[in-house]
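I would like the atomic coordinates for the input below:
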Amino acid sequence: MRDKYVNFIANNRDTITKIFSLVLAILLWFFIITEIDPVITKDFTNVEVELRNQSTMREAGMELLQNDDYTTNIVVSGNRSAIVGLKEEDISAYVDLGEVQPGSQRLPIHFRLSDESIKIKKSNPSAITIAVDEMVTMQKPVTVTAKGKPADGMVLDRIIVNQEEVTVKGPQKAVDKVHSVAGHIAISGAKDTVLSSVELSPLDKNKNVIAGIEVTPNTVGVQATISKAKSVPVEVNFVDVEGGDFNRDRAILTPATVTITGETDVIDRIESIPTRPVDAKELMSTNAVPVQLNVPEGIHLVNPDESVILRYMKKESARRTMEVSTEHMTSMKDVNLSDFNVPKKIDVEIYGDASLVDALRETDIQLSVDREGKVIAKGPKDLEIIRITPKRLSSSS
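Here you go, the predicted model:
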């Protein structure tokens, strides 16, 4: 039996040697892997996630609603020899935007490492949520307002913009929020017409700039015409005043003066602005009527929308101007008082029953401001507020 095994070994010496060598090699490889170059892990935090194929997404007519920065934390696994020298710049983390659809969606984070033997063992997060919207274009009117005040004795006559509308482009939800496309032209201290190129911004209803909107063109040419101004009294043209109890002294005009502008030689000749005929009997029966002005050719009113009201005061009626503190002034919803230059006092003129007017206190008047800066005053229901000065607050921006 012993001779049989000896002969077998002698006859298969080469094969046995090869098998032994293979086993030894495997044992040696296992030793090297587990003892000399073992598999280890390494953590990387806040690895930047790249958004790839944005150009493809935009060519498909879509845009991200928010351009946020995304990061992820990962754990890599590999041989110590490969892991030890691994740096964050050797790791590429990205999401593919090439096939996104409108709406909110969660996209997996893909990884590419400089050494393919290294594997991603864990990532947190393993995906990111993005919101995509269709790109749309829309025409919007241009609004340009003046910033500052011209020199003394001068007024802003009119603003002319060389383009009435511009194109806004962006995600549907963002474009839908565009309330106006606006800009400002500076006229502080101006004595003559101001020409300027004004940059435009898309604004929401609260006058906040909307990000992610492209305005084309983003600038417009603007001309602010500065003209000489003059304040003149209004002269009421009464008719049908005979044979009655009409008393001119009890006819109160609000405002009693108006500011005019226009051609200098015409303005210099004007001392007052007459009204169209006012029926005295009608005034006495209605107590208050709006009056129309006969404005000469070559000039116009600085405030053409301002109403001129003629009131007929009863014996017991009175009017009074009060300085009301703005300390407790309020604003409409979504309007910040800090957006306006608010004076310490507002002049409020009140008309009504003499006893009520005399008893009126400053705290009986409530002041507020709307989003356009218009001052609103409210008082007791039986009294009428006929004038507020200033009637509009200037923007603080």
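
can you confirm residue 178 is in a strand?
No. Assignment of residue 178 by DSSP: H, G, I helix; E, B strand; the rest coil gives coil, placing it outside any strand.

Quick check: it touching residue 210?
Yes. Contact criterion Cβ atoms under 8 Å: residue 178 and residue 210 qualify, at 6.1 Å. Yep, even glycine has a C-beta here, placed from its N, CA and C like the rest.

joint contacts of these two?
The contact sets of residue 178 and residue 210 overlap at 202, 203, 204 (Cβ atoms under 8 Å, 6 or more residues apart in numbering).

from what I can see the second one touches residue 177, true?
No. Counting by Cβ under 8 Å, residue 203 stays clear of residue 177, with 9.2 Å between them.

what sits in contact with each of those two?
residue 210.

Out of those two, name the residue with the larger neighbour count.
Taking other Cβ atoms under 10 Å, residue 203 and residue 177 do not tie; residue 203 has more neighbours (19 against 16).

Now for the more buried one: which residues touch it?
Neighbour list for residue 203: 178, 179, 180, 181, 182, 209, 210 [criterion: Cβ under 8 Å, 6+ apart].

For ChimeraX, what selects the buried ones among these?
To isolate in ChimeraX the members of the contacts of residue 203 that are buried, counting by 16 or more other Cβ atoms under 10 Å, one can use:
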select :178,179,181,182,210
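
distance of residue 103 from residue 132?
Distance, residue 103 to residue 132, by Cβ to Cβ, to the nearest Å: 7 Å.

who's more crowded, those two?
residue 132 (19 against 10).

Cross-check the contact I'm expecting between that one and residue 66.
No. In this structure, residue 132 is not within contact of residue 66 by Cβ under 8 Å, at 10.1 Å.

In the stretch 151-300 of the chain, where is pLDDT below threshold?
Across the stretch 151-300 of the chain, residues meeting the criterion (pLDDT under 70) sit at 243-244.

how about the strands in it?
Ranges of strands within the stretch 151-300 of the chain are 154-161, 165-171, 180-186, 194-199, 201-203, 214-216, 219-235, 238-239, 251-254, 257-262, 273-274, 278-279, 288-290, 299-301, based on DSSP state E, counting those that start in this stretch.

So for residue 389, which of the ones you listed sits nearest?
Residue 389 lies closest to strand 251-254 among the strands of the stretch 151-300 of the chain, at 11.4 Å (Cβ to Cβ).

Direction included, what does that closest one pair against?
When pairing is defined by DSSP bridges, strand 251-254 lines up against strand 309-312 (antiparallel).

hmm, who's touching the partner strand?
236, 250-254, 275, 278, 283-284, 286-291, 351, 386.

and with 6 Å instead?
Strand 309-312 has contacts (Cβ atoms under 6 Å, 6 or more residues apart in numbering) with 250, 251, 252, 253, 254, 283, 284, 287, 288, 289, 290, 291.

which phi and psi does residue 263 have?
With angles defined as degrees, to the nearest 10, residue 263 sits at phi -70, psi 130.

Quick check: chain neighbours aside, which residue is closest to it?
Excluding its sequence neighbours, the residue lying closest to residue 263 (Cβ to Cβ, 6 or more residues apart in numbering) is residue 298, at 4.5 Å.
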